[in-house]
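**Student:** Okay, sequence plus prediction incoming.
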Amino acid sequence: MSILQEERKNCTFNRLEITNLLDGSAKATENRRELERFILSFPELQDKIPIDYLSHEDRYAEELRKACLLIRKGFEAPGNDGQANTMRYLMGAGVGSAVLKEGNPLAVHFVMFVPTIMNQGTPEQQMEWLSKAWNCEIVGTYAQTELGHGTFLRGLETTATYDPTTEDFVLNTPTVTAYKWWPGGLGKTANHAVVMAQLWTKGKCHGPHPFLVQLRDTDTHEPLSGIDVGEIGPKMGLNTNDNGYLGFKSHRIPRTAMLMKYSQVLPDGTYVKPAHSKLSYGTMVFVRVVIVSDACQQLMKAATIAVRYSCVRKQSELIPGEPEPQIIEYQAQQAKIFPPVAACFALKFAAFYIIDLYQETTQRGEEIDLDLLPELHALSCGLKALSTTDIGQFVEVLRQSCGGHGYMSNSNFPRIYSQVQAAYTYEGENTVLWLQVARHLIKSYKNGGNYTSSYLSEKESIRSQKLSGNIYDPYFLETVYRRTAFGLVKRAAAELDRLTAQGMNPHIAWNKASVLLIDAAKGHSRYFVVHNFNEKVASIKISQATRDVICHLRDLYLVHGILAYKGDFIMFGGLSDLDIVGLQSRQSYLFEQIRPNAVSIVDAFDIRDEILNSTLGVANGDVYNRLMEEAKNSPLNLTQVHSSFQNYLKPFMNAHL
């Protein structure tokens, strides 16, 4: 019996309950498994040669071949989960990543291009473009970021100037920094793009607006006149996304190419502004919602690999003269791998919340709920920044927990790491997002908050409330998080007031207080995740044995978060030095409780070996044979003597230097 089989015998709960919980329902688990079985049954979707051994050009061509076939199979997939959900799963870190390991050149088409037409196009525009886009008769991308400007949309330089004599917009890239830079699929795949450009009409700029632009001939794929487009080159990861650059030189598009659901330009050039200035941000919010969920999936992969390998690997002597123990028995190893496992649940539940909020905000008939829009924007910014920051750090710790073997490409850690690190900056660089959350918090602190920031309206009660309770009680710890979040916001607001009272320009004061503002945004976001975790645990209907496991993970997430930022919790949360000592003991206790179920918990993530794609994380625990097999498959091992020996090394050794 293998080591992992022995570990699974220790399971005290029903694994399927956790699988269903993390999928959203038993039906969702069934649909996902059915899709995985279907997609992974096609040998033509498997790599003939490991992708790591291909050239940049061949790698792109091979992944595009599989991407086209994957989408075709997705449309043929059985089940009743709906084509939209099927495509979303194929684009993310699930079964699609088993087929397309270095990125999907068609992902942005489905994740951003199609949703933008749906969310920002008029009914007439949707009728013209949506079915063509969904059926891939046209292939699109989303071109917003520029070489010199990213998250700051008002700084975009690409211009769309309206010409009423021809009823055309004229697109121009006035400087090299105005070139669109980074859109996925733009380099060699897309023939259309939603382009964000500064709208000029009647001599006035009305800010960035979306335009649907054809870039390449749909038959020859050659760029159209006035368009300069190409690929930006190799990156740290995701190298088959063919991220590209795009420039315009007096390129004309019809007036109706402007997506006009919320704002319009009339034939005579008159500008009709939207009812709410933020309505057009829907695509970015949607993508951030997707990023949170996808980042959780990546963390679940990394945690599965590290926990399984930690049970297989034996090292050193815990007790002199005794056999080498599994490295998972070392508390230092548990401190590396168990908090990320707990975070999988905390962040996954937070992802469910924001998905529900997004749907509530955008699906009340045809109208967006404007009251919920600021909350959705702030929460999507905060959770995107928090999840990608924490998960990036967790993945690196998990890689380190696997020692030297974690550095191997076939461990899948390098690929997971590069993909979660990319999420730190794309679709809103995290520092900028933190500051957007902070702006919402300062406004709520001064004018009264609601929804997740409602606690900021209770200044006097929080300020006067005496802290008392049991540090082992998760609801008491939630109160500590709440007080800490309030204290961090209050400190940032006080610093802004102090600086402006000295006569400082409010914008300069904001910059001077930005570190404190970011701390406040982080504190608020962590408090929300903790509050939501407690709410989820209280509401779910599961067996007591499974609830006990989730409660231990919940408690660990809360305790680990306090110990990681203990200074803030002592300053603002009301904790003492003795409380911190008690929480350190509590953490050790929780490690002991989680240890027997560790393998079964990550098994409940239900990630197939093909999707995990890791020699270290294989379900049967046959790590060392898998490592050796991968080494034997290296093209350098096809011959005993490589041609470079005769060409370079032998002459070099005979040169008598």
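**Tutor:** Alright, I've got the coordinates.
**Student:** which outside residues touch stretch 411-418?
**Tutor:** If you take Cβ atoms under 8 Å, 6 or more residues apart in numbering as the criterion, stretch 411-418 is touched by 101-102, 236-238, 298, 301-302, 305, 392, 395-396, 398-399, 402, 405-407, 409, 612-617. C-beta: built from backbone N, CA, C; applies to glycine.
**Student:** Buried subset of the residues you listed, written for ChimeraX?
**Tutor:** Provided next is the ChimeraX selection string for whichever of those are buried by 16 or more other Cβ atoms under 10 Å:
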select :101,102,237,238,298,301,302,305,392,395,396,398,399,402,405,406,612,613,614,615,616,617
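**Student:** Okay, and which of the contacts of stretch 411-418 map to strands?
**Tutor:** Of these, none are assigned to strands by DSSP state E.
**Student:** contacting residues for the spatially most central residue of the chain?
**Tutor:** Centroid-nearest residue in the chain, with Cα atoms, centre = their mean: Ile291, separated by 3.0 Å. By Cβ under 8 Å, 6+ apart, the residues touching Ile291 are 384, 387-388, 423, 427.
**Student:** Looking at the residues you listed, which is nearest Ala538?
**Tutor:** Of all the contacts of Ile291, Ser387 has the smallest distance to Ala538: 22.3 Å, by Cβ to Cβ.
**Student:** Run a quick neighbour tally on that closest one.
**Tutor:** Applying other Cβ atoms under 10 Å, we find 31 other residues in the vicinity of Ser387.
**Student:** That one - that's part of a helix, no?
**Tutor:** Yes. Assessed with DSSP: H, G, I helix; E, B strand; the rest coil, Ser387 lies in a helix.
**Student:** How confident is the prediction for it, by pLDDT?
**Tutor:** pLDDT, Ser387: 96.
**Student:** circling back to that earlier point, just checking, which of the contacts of stretch 411-418 belong to helices?
**Tutor:** Counted as lying in helices by DSSP state H, out of the contacts of stretch 411-418, are 298, 301-302, 305, 392, 395-396, 398-399, 612.
**Student:** Which strand residues bridge Glu231?
**Tutor:** Per DSSP bridges, the residues bridged to Glu231 are Gly244.
**Student:** I'd like the distance between it and Ala133.
**Tutor:** 22 Å (Cβ to Cβ, to the nearest Å).
**Student:** Tell me which of these two has more neighbours.
**Tutor:** Ala133 (23 against 18).
**Student:** The helix or strand where that one lies packs against which elements?
**Tutor:** Ala133 is part of helix 123-134, with elements assigned from DSSP states H and E. Judged by 3 or more Cβ pairs under 8 Å, 6 or more residues apart in numbering; DSSP states H and E, helix 123-134 is in contact with helix 114-120.
**Student:** And the helix it packs on, what does it pack against?
**Tutor:** Against helix 114-120 (3+ Cβ pairs under 8 Å, 6+ apart) you get helix 123-134, strand 204-214, helix 282-312.
**Student:** From the chain's centroid, how far away is it?
**Tutor:** With Cα atoms, centre = their mean, to the nearest Å as the basis, helix 114-120 stands 20 Å off its chain's centre.
**Student:** do stretch 90-98 as well
**Tutor:** Worked out by Cα atoms, centre = their mean, stretch 90-98 lies 13 Å from the chain centre.
**Student:** What would it look like as PDB? C-alpha coordinates only.
**Tutor:** Below are the C-alpha coordinates for stretch 90-98, written out as PDB (Å, rounded to 0.1, in the frame of the first residue of the first chain):
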ATOM      1  CA  LEU A  90     -12.400  25.800 -20.300                       C
ATOM      2  CA  MET A  91     -10.800  29.200 -20.200                       C
ATOM      3  CA  GLY A  92      -9.600  29.000 -16.600                       C
ATOM      4  CA  ALA A  93      -7.300  27.000 -14.400                       C
ATOM      5  CA  GLY A  94      -9.500  23.900 -14.600                       C
ATOM      6  CA  VAL A  95      -9.700  21.300 -17.400                       C
ATOM      7  CA  GLY A  96      -8.600  23.900 -20.000                       C
ATOM      8  CA  SER A  97      -5.200  24.100 -18.300                       C
ATOM      9  CA  ALA A  98      -4.700  20.400 -18.800                       C
END
